[in-house]
Each structure stands twice: as structure tokens, then as C-alpha cells.
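# Below: sequence and its predicted model.
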Amino acid sequence: MTLAQSEPNPVNKIDNKLPSLTTTQQPPVSEEEMRQAVRTLLLGLGEDPDREGLKDTPKRVVKALKFLTSGYHQSLDELLNGAVFHENANEMVLVRDIDLFSSCEHHILPILGRAHVAYIPDGKVIGLSKIARICEMYGRRLQVQERLTAQIADALQGLLQPKGVAVVVEATHMCMVMRGVQKPGSWTSTSALRGEFANDAKTRQEFMSLIQHNPRLR
Ligand SMILES: Nc1nc2c(ncn2[C@@H]2O[C@H](COP(=O)(O)OP(=O)(O)OP(=O)(O)O)[C@@H](O)[C@H]2O)c(=O)[nH]1
Ligand SMILES: [Zn+2]
């Protein structure tokens, strides 16, 4: 029996407590207004939004941006689908190299990278795919890497109350690659350590050594 079946599921409460920008209400502007805004951007760039190649671009851009921010409309409860199980496991579980795509909140440009997520269970385990789904949900929002990393860790902490959680995100920011400072080789690592990973150097070291590798995209 899953926990969702055996006891009330607290996941929505956890998500609401996270330092996120979760918006579940209907947006205060219409789809048409959003398309018009993209059309205005194209005009501002000196383009002709009525030429053949661009005439459907406002529609496409709005659709793409909605997809890339669809994580605002997901909840942990929905993505978890009850996949938290009682299990007498107490060794580190690590899912590494989870591809991660997000959008930086400063420029709305891509953040591309990967996440490594570990936890030490304390009576409960989570379906492995759900760890990747949690990363996706927070990735599909406008983010800074630090917040994204912390949200993944806090979600697992809240869902499982494990002995510890460790999340490392390695990413490259297109706002630092394609524009601005233009540093294509730059990778940013962020970590969020909870419980034993924060308090015990040996546990932290074991995690860090398991994820050692070159962070470049495959
Ligand atoms: N801490 C943090 N900073 C980020 C992240 N994504 C983008 N930034 C930074 O946010 C900052 C925004 O700085 P601003 O000076 O307001 O913007 P800007 O003029 O576009 O800055 P430049 O990128 O330096 O050209 C930049 O330094 C970005 O590199 C992130 O995930 N975390
Ligand atoms: Zn940026």
C-alpha cells in the first residue's frame, strides 16, 4: 500500500511552503494579448511580423513559453501519483545525471544542465522516476539556479522526512554564453544539503565522490 492510500498526503502543503513563485490562478492576460506582446517585440526588433516565416511566431512563442513554465501549474501531489512507499532501507539512494532544462528569470533564456539527487531514507522511499519529475517541475519555472536546487531538496525533505537530502545542480546559462559576458565554457554548480549531508562530512564526501565527473553536456 502506498502512503497516499494509507494516510493523508501532505505534499501540497510542502509545495506551498517552498520559496517558489507558484501561480495556479488563471493568468490576468489573455492568450491574444500575449501574442500581441510577442508581435510588438518582433516589431521592436525591426522585423516584419506579417512575413511568411513569422506570421505564426507569436502563437508559437506563447505556446513554447507556456510549456517552459508549465511547472507552475503542476503540484507535487499530482506528479507523485502516490509513489511514496514504506521501505526499511537506510542507505543512500542516488539518482545522478538527471538532465535539467530551466529558464533564467532575469533574461528568460535557457539554463541547461543536470541534477544529482541523493537521500538517505528513514522508513520511506520514493519512486525513482518521481525524483526526475520533481526536477522537471521546478525546472519548468522561471528560476535562479540556487532556488531550483533548494526547491528540489526541500520537496524531498518534506515528502520523505529522510535522514538527509543532497542535491547538486551543474548548469550552463545561455545568458552567460550567448550574450552578456559570453563565456561558453562556464558551468555553475549549486548544492543544497539537508540533514546528514549537511552535518556529517563523511556522508557528504561519499555523495560528492559518487557524482565526480566532467559537467559538460553529453
Ligand atoms: N545567482 C544567480 N545569478 C544568475 C542566475 N541566472 C542569471 N544570473 C545573473 O543575474 C545577473 C543579472 O544582472 P544584471 O546586471 O541585472 O543583468 P545584465 O545587465 O543582463 O547582466 P550581465 O549578464 O552581466 O550582462 C547576471 O549577473 C546573471 O549572470 C542564477 O541562476 N543565479
Ligand atoms: Zn539570465
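Nice, I can see it. Treat the numbers as computed from the prediction; the structure is a model and nothing was measured. Residues are numbered from 1 along each chain as shown. Ligands and ions are numbered 1, 2, ... in the order given.
# Check the chain for its longest helix and report it.
helix 145-160 (DSSP state H).
# Mind giving me the packing neighbours of that helix?
The helices and strands touching helix 145-160, judged by 3 or more Cβ pairs under 8 Å, 6 or more residues apart in numbering; DSSP states H and E, are helix 11-17, helix 76-80, strand 93-104, strand 110-120, strand 124-126, helix 128-139, strand 164-173, strand 188-195. For every residue, glycine as well, the C-beta is placed using N, CA and C.
# mind listing what the third one pairs with, with the direction of each?
Using DSSP bridges, the strands paired with strand 93-104 are strand 110-120 (antiparallel), strand 142-143 (parallel).
# what is the rounded mean pLDDT of stretch 137-147?
Per-residue pLDDT over stretch 137-147 has a mean of 98.
# just the angle between the longest helix of the chain and strand 164-173, please?
Relative orientation of helix 145-160 and strand 164-173, computed by axes from the mean of the first three to the mean of the last three Cα atoms, to 10 degrees: 150 degrees.
# Okay, now the unreliable bits of the chain?
1-25, 214-218 (pLDDT under 70).
# I'd say residue 95 and residue 125 touch.
No. Residue 95 lies out of contact with residue 125 (Cβ atoms under 8 Å); the separation is 11.8 Å.
# just to revisit the earlier point, so for the longest helix of the chain, what gets flagged as buried?
145, 147-160 (16 or more other Cβ atoms under 10 Å).
# burial count for the closest residue to ligand 1 within the chain?
Closest to ligand 1 within the chain is residue 180: 3.2 Å, counting by Cβ to the nearest ligand atom. Neighbours of residue 180 under the rule other Cβ atoms under 10 Å: 13.
# quick one: it and residue 108, what's the gap?
Taking Cβ to Cβ, to the nearest Å as the measure, residue 180 falls 14 Å from residue 108.
# Next: residue 157.
From residue 157 to residue 108 the distance is 29 Å (Cβ to Cβ).
# same check, this time on residue 97
Taking Cβ to Cβ, one finds residue 97 at 26 Å from residue 108.
# Kindly report the same for residue 181.
From residue 181 to residue 108 the distance is 17 Å (Cβ to Cβ).
# Which of those two has more residues huddled nearby?
residue 108 (13 against 9).
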